[in-house]
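Peer 1: Kindly return the folded structure for what I paste below:
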Amino acid sequence: MPALNTGSLNLPDHILDPWLQKVQFGSTVASLSGAIPMKFGTGHAMTFDIGEAEYVGEGANKGPSTVTPTTVTAKPYKFHKTVRMTQEVKWADEDYQLQAIDQILSKIRPSLSRAIDYGVFHGINPTGGAPVAAMTAYLSQTTQQVEVVGTDKPYVALDAADTAVLAASYIPGDVALDPAWASKFSSARATQTEQKLYPNFKLSTEVSELENHRASVSKTVAALGVAATATKVLGFVGDFSTVGWGIQREIGLELIEYGDPDGQGDLKRNNQIAFRAEIVYGWGIADLNAIAAVVDKVAG
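Peer 2: The predicted structure follows:
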C-alpha cells in the first residue's frame, strides 16, 4: 500500500467489507431489519396486499382480485465522523498504515452505526439531538403507544404492545429495548428457584430471544443524553420488516492535512491531521401501525 495521501482512501476489501458488517451489527435497527440494496437518492418501493384466493366452482366465473398497493419512500441521509490525530500516525510503512486505518475505523464505526438508529427511531441529529426537518418518517411518530406502569411486571407493557400491533393486522415478532427496560427482563428471576426467567436474552444489539420476540438492546432506543428533548421511549414493538433501510453510499475515508475541517483549529498549527468518514443511509417505513412504542411518561 502506498503512503497515505491527501484525499479519499480506497480501503482494501478485507478491511472495508467486515467493517461495513460491524456498522450494521452495531445498530438495533439493522439487527432487527435486514438491509436492502439501494441506489443513491430518493427511491420508491411498492408493496402489494392482494388479499385471499377465491374458490371457483365447477363451471363458475372467476371474480376480480383486489390489489392494494402501498408506496414506501426511502430518502438518503448523510452522516459523518471526523477524528483528529497527530501527524505521527501517518507512516510510510505498510504494516503501520493498516494498523493506523484499523485504529481510525474502530473510533469512527460505533457512532456511524448508532446514527441510523437515531434517525429511524426519532428523526434527530446524533450531534446535539435536534430534530432533522428532512427526516420525515421515524418510528416514534407512531400513534400506538403503551404506557409503562411502574408497579407492573415488564412483560405487561410488552403484551399490551403486542395486542396493539396485532389489532393493526401485523405480527409483533420484534422488540427494540432501551437498557432501562431491558434490565428489568434480564434481572427477572423465578420466585422459588432464583433462576433467570429469560436466560437467552442478551443486553446487546445482537439479536436474542425475549418472550418469543427477536430482541435487540441499545441506548439509541430512548436516545437518553442525545435527544434535545426527552423521548420517554423505552421500546419499540412490532414488525420491523416494515422498516426498509440500506447503505446508499459506502464509507469514504478522507485524509485531511490542511485547514480547519471541524472548527477545532488549524491542523498545521496543531501538528495534526484529520480523518473523516462519511456514510449515506436510506430508509423508509411502510406503515407506522406495524410498530407500537412503549413509553414512560413519568420519566424525564
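Peer 1: element containing Thr191, please.
Peer 2: With elements delineated by DSSP states H and E, Thr191 resides in a region that no helix or strand encompasses.
Peer 1: Equivalent analysis for the one 3 residues further on, please.
Peer 2: Assigned by DSSP H and E, Glu194 falls within no helix or strand.
Peer 1: Same question for Val83.
Peer 2: Per DSSP H and E: strand 68-86 holds Val83.
Peer 1: need the next SSE after that strand, C-terminal direction.
Peer 2: helix 94-122.
Peer 1: Check which helices and strands that following helix sits against.
Peer 2: helix 13-25, helix 28-32, strand 68-86, strand 233-238, strand 243-256, strand 272-285 (3 or more Cβ pairs under 8 Å, 6 or more residues apart in numbering; DSSP states H and E). Every residue, glycine included, has its C-beta placed from N, CA and C.
Peer 1: which stretch in the ones you listed has the least confidence?
Peer 2: Between the helices and strands packed on helix 94-122, the one with the least mean pLDDT is helix 13-25; it has a mean of 63.
Peer 1: pLDDT wise, what is the residue nearest to Ala286 when sequence neighbours are not counted at?
Peer 2: Using Cβ to Cβ, 6 or more residues apart in numbering and skipping residues adjacent in sequence, the residue nearest Ala286 is Thr242, 4.1 Å away. Thr242 carries a pLDDT value of 89.
Peer 1: Tell me how many other residues crowd Thr242.
Peer 2: By other Cβ atoms under 10 Å, the residues close to Thr242 number 21.
Peer 1: Quick check, it in contact with Asp287.
Peer 2: Yes - contact criterion Cβ atoms under 8 Å: Thr242 and Asp287 qualify, at 5.5 Å.
Peer 1: re the thing from before, contact partners for the residue nearest to Ala286?
Peer 2: By Cβ atoms under 8 Å, 6 or more residues apart in numbering, the contact set of Thr242 is Tyr170, Ile285, Ala286, Asp287, Ala290, Ile291.
Peer 1: what's the distance between Gly238 and Ala134?
Peer 2: Distance of Gly238 to Ala134, given as Cβ to Cβ, to the nearest Å: 24 Å.
Peer 1: More neighbours: these two, which one.
Peer 2: Between Gly238 and Ala134, counting by other Cβ under 10 Å, Gly238 is the more crowded of the two (32 against 10).
Peer 1: Would you mind listing the residues in contact with that one?
Peer 2: Ala161, Val165, Tyr170, Pro172, Asp174, Ala290, Ile291, Ala292 are the contacts of Gly238 under Cβ under 8 Å, 6+ apart.
Peer 1: What of Asp260?
Peer 2: Asp266, Leu267.
Peer 1: again, but for His213
Peer 2: Taking Cβ under 8 Å, 6+ apart, one finds Leu158, Pro172, Gly173, Asp174, Val175, Val237 in contact with His213.
Peer 1: Going by distance to Thr220, which of these wins?
Peer 2: The nearest member of those to Thr220, counting by Cβ to Cβ, is Val175 at 14.0 Å.
Peer 1: Sheet partners, orientation included, of the strand or helix carrying the closest one?
Peer 2: Using DSSP H and E, the element containing Val175 is strand 174-177. Strand pairing for strand 174-177, determined by DSSP bridges: strand 213-217 (parallel), strand 233-238 (antiparallel).
Peer 1: Quick check: which of the ones you listed has the most neighbours on average?
Peer 2: Most buried of the strands paired with strand 174-177 by mean neighbour count (mean count of other Cβ atoms under 10 Å) is strand 233-238; its value is a mean of 28.
Peer 1: Using PDB, write down the CA coordinates of it.
Peer 2: Taking Å, rounded to 0.1, in the frame of the first residue of the first chain, the C-alpha atoms of strand 233-238 are listed here in PDB:
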ATOM      1  CA  VAL A 233     -39.500   5.900  24.900                       C
ATOM      2  CA  LEU A 234     -38.500   2.600  26.400                       C
ATOM      3  CA  GLY A 235     -39.100   0.300  23.500                       C
ATOM      4  CA  PHE A 236     -40.500  -0.300  20.000                       C
ATOM      5  CA  VAL A 237     -42.500  -3.500  19.500                       C
ATOM      6  CA  GLY A 238     -43.800  -4.800  16.200                       C
END
